[in-house]
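Visitor: Pasting the sequence and the predicted model now:
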Number of protein chains: 2
Amino acid sequence: MVNTVTDTSTEGKILSAAREVFLQKGFSGARMQDIADEAGINKALLHYYFRSKEKLFETIFRQAFEKLIPHITEVFSSDLPFYDKIRAFTNAYITMAIENPFIPLFVLNAMHTDTEGFQKKFGDIPKKVPIILVKTEIKKAVDSGLIRPIEPPELIMNMLSLCLFPFIARPMFQMVMNISDPQFKKILEQRKSEVADFIIHSIKN
Amino acid sequence: MVNTVTDTSTEGKILSAAREVFLQKGFSGARMQDIADEAGINKALLHYYFRSKEKLFETIFRQAFEKLIPHITEVFSSDLPFYDKIRAFTNAYITMAIENPFIPLFVLNAMHTDTEGFQKKFGDIPKKVPIILVKTEIKKAVDSGLIRPIEPPELIMNMLSLCLFPFIARPMFQMVMNISDPQFKKILEQRKSEVADFIIHSIKN
DNA sequence: GTCTATAGTTAGATAGAC
DNA sequence: GTCTATCTAACTATAGAC
């Protein structure tokens, strides 16, 4: 797989620029001219490579979603202790989001604006998420008495909320709580372990 | 204050329709024609009432943001026990979001697409949030030994994440975890108390 | 592969009748 | 206050030269 950040080919520059502009403006707000400018190339070249704005968006979206579905499989089918799986899970999500801060809002917005069309175009992707694996591991931890009784979907929702929401709400947090960019980056870095601590404190028996 | 749901005046119908369309499509994606259709009136009438698309958006946005900043003041300046304040806080946010499911994504998107212009237009609103009050109460709870040591900003971020993220990620959750609309509504209803339980479990000493 | 120039379409805004 | 008709600007997409 091609590195989505370092790629300096024209196609790579377009994708990188499009990610940036789609993030800032959303699908409708993004202008092909903006993307061309950001990529340092001509507008017509965008159509040469990706035929239409929609096709370009689809390409980016697919890449984004495939990144959002992370190491779950490998972590949860490993023989790590349960708490280590929690730590690996949250760490993987937060690390991914720090490297690609645009992805969470990007994916979530795309789903809101195009829930129907989404199912048709990208319905294959979610099936790759081994949700059952995660559910099973949580259930085992409850049954063995390692953690307090909790519904697996609730715990999964809470884990994802704690990992991803700060990236979506970042501008509001910084404004309301008056936090500078470097300060916020530090906070996000700390959350790699803090979030797991917070969760484990809550569920341990 | 006028009820934002029941209002059947033309202005009320426009605002209600605009909320719906802006939620579904975002600012750029929303068409004045869509809003007019949804309101059952003519496109020109939108401009008669709100002069421009931007003015209409601003009106809605301000209402939305003022709803998102809730009962914090009254709850946190009350003499309720700390855990009850946590329960009141999370319950208020989740209840608000159940009644206005479009608000969280709406507000967060607006901040992402227009962080600069936002500061200028709506910078007055966040100052109304008594964040210091909440921070102080958390600090008191830590110092008294009622809860384990935790940074107030971290706890605030976690509370808001757990309350609001499910509304933003709803379409993805339902798709990935294969949950029907009525099922998800039930889950959200349960979270009114579950979220507080999850938090209190995590911070209690 | 990459560019300039332009065609074709859409949508925000306004004029003017009722 | 509300409507129909229309102007105008912006933007996607393509044609065609290099």
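Guide: Looks like it arrived, so ask away.

Visitor: Is chain B within reach of the helix or strand where residue A:56 lies?
Guide: When elements are defined using DSSP states H and E, residue A:56 is found to belong to helix A:53-68. No. Judged by CB under 8 Å from any CB of the partner chain, helix A:53-68 stays clear of chain B, getting no closer than 8.8 Å. No exception for glycine: its C-beta is placed from N, CA and C like everyone else's.

Visitor: what does that helix rub up against?
Guide: The contact list for helix A:53-68 (CB atoms under 8 Å, 6 or more residues apart in numbering or on different chains) reads A:4, A:14-15, A:18-19, A:22, A:27, A:30, A:32, A:35, A:46, A:49-50, A:96, A:100, A:102-104, A:106-107, A:110, A:121-122, A:125.

Visitor: can you rerun that using 6 Å?
Guide: The list of residues contacting helix A:53-68 from outside it, by CB atoms under 6 Å, 6 or more residues apart in numbering or on different chains, reads A:18, A:19, A:27, A:32, A:50, A:103, A:106, A:107, A:110, A:125.

Visitor: and the top helix by length along chain A, what does it pack onto?
Guide: Of all segments of type helix in chain A, defined using DSSP state H, the longest is helix A:181-203. Judged by 3 or more CB pairs under 6 Å, 6 or more residues apart in numbering or on different chains; DSSP states H and E, the packing partners of helix A:181-203 are helix A:82-99, helix B:181-203.

Visitor: Now stretch A:121-132: buried residues?
Guide: Of the residues in stretch A:121-132, those buried under the neighbour-count criterion (16 or more other CB atoms under 10 Å in any protein chain shown) are A:122, A:125, A:126, A:129, A:130, A:131.

Visitor: Just the buried residues of the worst-scoring helix or strand of chain A on mean pLDDT, please?
Guide: Lowest on mean pLDDT, DSSP states H and E among the helices and strands of chain A sits helix A:115-122, with a mean of 80. Residues A:118, A:122 are the ones in helix A:115-122 that count as buried (16+ other CB under 10 Å).

Visitor: That helix near DNA strand D at all?
Guide: No. Residues of helix A:115-122 contacting DNA strand D under CB under 7 Å from any atom of the strand: none, with a closest distance of 14.8 Å.

Visitor: Is that helix in proximity to chain B?
Guide: Yes. Contact of helix A:115-122 with chain B (CB under 6 Å from any CB of the partner chain) involves residue A:115.

Visitor: hmm, who's touching the host helix or strand of residue A:155?
Guide: Using DSSP H and E, the element containing residue A:155 is helix A:152-168. Residues from elsewhere that reach helix A:152-168 (CB under 6 Å, 6+ apart): A:90, A:93-94, A:97, A:101, A:104-105, A:135, A:138-139, A:195, B:108, B:157-158, B:161-162, B:165-166, B:198.

Visitor: Can I get that helix in CSV, CA atoms only?
Guide: Taking Å, rounded to 0.1, in the frame of the first residue of the first chain, the C-alpha atoms of helix A:152-168 are listed here in CSV:
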residue,chain,number,x,y,z
PRO,A,152,-20.5,-5.3,25.0
PRO,A,153,-22.2,-2.8,22.6
GLU,A,154,-22.2,-0.2,25.5
LEU,A,155,-18.5,-0.7,26.2
ILE,A,156,-17.6,-0.6,22.5
MET,A,157,-19.5,2.6,22.1
ASN,A,158,-17.8,4.2,25.1
MET,A,159,-14.4,3.2,24.0
LEU,A,160,-14.9,4.7,20.5
SER,A,161,-16.5,7.8,22.0
LEU,A,162,-13.5,8.5,24.3
CYS,A,163,-11.0,7.8,21.6
LEU,A,164,-12.5,9.8,18.7
PHE,A,165,-14.7,12.6,20.0
PRO,A,166,-11.9,14.9,21.1
PHE,A,167,-10.7,15.0,17.4
ILE,A,168,-14.2,15.9,16.2
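
Visitor: Contacts for the helix or strand following it next, please.
Guide: Following the chain from helix A:152-168 toward its C-terminal end, the next helix or strand by DSSP H and E is helix A:170-177. Outside helix A:170-177, the residues that touch it by CB under 6 Å, 6+ apart are A:184, B:111, B:115, B:126, B:129.

Visitor: Let me see the mean pLDDT of the helix holding residue A:56.
Guide: Regarding helix A:53-68, the rounded mean pLDDT is 88.

Visitor: buried sites along the next helix or strand after it?
Guide: Next helix or strand after helix A:53-68 toward the C-terminus (DSSP H and E): helix A:72-77. For helix A:72-77, the neighbour count (16+ other CB under 10 Å) marks A:72, A:75, A:76 as buried.

Visitor: and helix A:72-77, does that touch chain B?
Guide: No. Contact between helix A:72-77 and chain B is absent, the nearest approach being 10.9 Å (criterion: CB under 6 Å from any CB).

Visitor: can you list contacts of that helix?
Guide: A:85, A:88, A:89, A:130, A:133, A:134, A:137.

Visitor: Try it again at 10 Å.
Guide: Applying CB atoms under 10 Å, 6 or more residues apart in numbering or on different chains, the set of residues contacting helix A:72-77 from outside is A:82, A:84-89, A:91-93, A:128-138.

Visitor: Show me which of the residues you listed are buried.
Guide: In the contacts of helix A:72-77, the ones that pass as buried (16+ other CB under 10 Å) are A:82, A:85-89, A:91-93, A:129-131, A:134-135, A:137-138.

Visitor: among those, which one has the lowest pLDDT?
Guide: Between the buried ones among the contacts of helix A:72-77, the one the model trusts least by pLDDT is residue A:129, at 78.
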